[in-house]
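Trainee: structure, please.
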Amino acid sequence: MQSLHQRLSKQGYHLEILTQGFTCFAAENYKALLLIDPEDYFSTEEILKLRQDIETKDLSLIVVGDWYNAEKLSKKRYYNIVTFEEWYPFMGGSNVPSINSLLKPYHIALGQGVYSGQFLVENKMIDIVSGSEIIRFPKDGYLISPELTV
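Mentor: Next up, the predicted model:
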């Protein structure tokens with residue numbers, strides 16, 4: 001995500017990193033919130049505040065969600081060289097259940113399919129190393145649907 005930050009900065013956008021919860025920023029001071037691979041759970045208060053910011057304060061929300069798959073998570077293990085224990089991850093690349101809680105009123109949902117591949121947008125090649133599938137989206141919305149592999 002560092003390269004995304006650098007690209008946006010070079011194009012003249014001013015970016016801030018939110019270091020507190022979503023209830024701790026004034027949405028009227030911003031045009032957009034980039035929600036990039038969140039791993040934490042969102043509290044009910046955070047979800048309600050963000051929905052209010054989107055619906056009443058014209059805050060745009062851009063979501064970049066990596067993968068989440070409960071079955072794959074249960075099979076992964078990591079050896080921690082500090083504690084000398086095997087660890088099991090509690091989260092994949094993103095907390096898709098929390099993202100889905102936030103997006104539910106907008107009829108948008110991500111699934112547990114993990115996809116990768118490349119596609120062309122406006123003469124630029126986009127690489128998806130791993131990402132979630134979109135399983136629900138408004139029929140009158142605009143969605144790019146490239147052919148990716150599982």
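
Trainee: so which residues make contact with stretch 115-127?
Mentor: Judged by C-beta atoms under 8 Å, 6 or more residues apart in numbering, the contacts made with stretch 115-127 from elsewhere in the structure are 67, 128-133, 144, 146-150. Just so you know, the C-beta spots here come from the backbone N, C-alpha and C atoms, and that holds for glycine as well.

Trainee: tell me where the protein has helices.
Mentor: With DSSP state H as the criterion, the chain has helices at 2-10, 44-56, 70-75, 96-103.

Trainee: between those helices, which gets nearest to K139?
Mentor: When the helices of the chain are ranked by proximity to K139, the top entry is helix 96-103, at 15.5 Å, counting by C-beta to C-beta.

Trainee: now that closest one: buried residues?
Mentor: Applying a neighbour-count criterion of 16 or more other C-beta atoms under 10 Å, one finds V96, S98, I99, N100, S101, L102, L103 buried in helix 96-103.

Trainee: worst-scoring helix or strand of the chain, pLDDT-wise?
Mentor: Comparing every helix and strand of the chain by mean pLDDT, DSSP states H and E singles out strand 78-80 as the least confident one, with a mean of 61.

Trainee: quick one: S60 and A32 touch, right?
Mentor: Yes - using C-beta atoms under 8 Å, S60 is in contact with A32, at 4.1 Å.

Trainee: any low-confidence regions in this protein?
Mentor: 1-2, 67-80, 87-93 (pLDDT under 70).
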